[in-house]
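Visitor: how would this look folded up:
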Amino acid sequence: STHDATRGEGAMTSIKDAIKAFEAKNTLVASEAEKVTLYGQLPPIVKMDNTLGTLKACKHLALSSNCIEKITGLKGLDNLEVLSLGRNQIKKLEGLDDVANTLRELWISYNLLDKLNGLEKLSNLVVVYMSNNLIAKWPEFDRFKDLAKLEELLFVGNPLWETHTKAEDFRLNVAGRIPWLKKLDGVPVDDDEKERGKALVG
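Guide: The predicted structure follows:
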């Protein structure tokens, strides 16, 4: 059986088993739940798969604190608004096309992202939590310019943030690039920062 095959890959929890445990713990049917929490599984979830597509009513899917390396299996999550993937091993923003129209919040702090291609497709994002990843260059950051609805960004702990926080011009650089942003790293972006940022970025 597939279950034995999975077991052979070392200890990991399948999405199917995580959903079953979620149902048992909360005494509900996962396919009818608006919020599905599959975070911090022991042993961890390593692979996202198509079983996630059964979560038809899900608006908020939490998969944080596992060992997921790749975003996949989201087809069928037609109501997904909040995707929580913090503290995993994700290297790329891929596999999000099927939820691009509905996704409003992406929580993906503490992962291994060093590039942001694919971000531009997520045009309805309002909130992005992306602290403690590996983004080091402005050309990658500039992909945020495609997110016209973005209001809140958490970006502390990225190499780009480290470099420019030391230089004391990180906030200005961001405000100059995405002047419609309302909140950066938990602090409102003010008009002064937007003006000075615009002058700095040019």
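
Visitor: only C-alpha atoms for contact and neighbour calcs from this point on.
Guide: Noted.

Visitor: wait, is Arg143 part of a strand?
Guide: No - Arg143 is assigned helix when assessed by DSSP: H, G, I helix; E, B strand; the rest coil, not a strand.

Visitor: what's the closest non-adjacent residue to it?
Guide: In space, Arg143 comes closest to Glu120 once its chain neighbours are excluded; the distance is 6.2 Å by CA to CA, 6 or more residues apart in numbering.

Visitor: so how far is Asp78 from that neighbour?
Guide: Distance, Glu120 to Asp78, by CA to CA, to the nearest Å: 19 Å.

Visitor: got it, and Val189?
Guide: If you measure Val189 against Asp78 using CA to CA, the figure is 33 Å.

Visitor: Equivalent analysis for Asp142, please.
Guide: Using CA to CA, Asp142 is found at 28 Å from Asp78.

Visitor: Quick check: what element follows the lowest-mean-pLDDT helix or strand in the chain along the chain?
Guide: Scoring the helices and strands of the chain by mean pLDDT, DSSP states H and E places helix 2-8 at the bottom, with a mean of 46. Using DSSP states H and E, the helix or strand that follows helix 2-8 towards the C-terminus is helix 15-26.

Visitor: Pull the residues that contact stretch 85-97.
Guide: For stretch 85-97, contacts defined as CA atoms under 8 Å, 6 or more residues apart in numbering pick out 62-74, 106-119, 121-122.

Visitor: Pull out the buried residues from that stretch.
Guide: Within stretch 85-97, the residues scored as buried using 16 or more other CA atoms under 10 Å are 85-93, 96-97.

Visitor: swap in stretch 93-109?
Guide: Of the residues in stretch 93-109, those scored as buried under the neighbour-count criterion (16+ other CA under 10 Å) are 93, 96-109.
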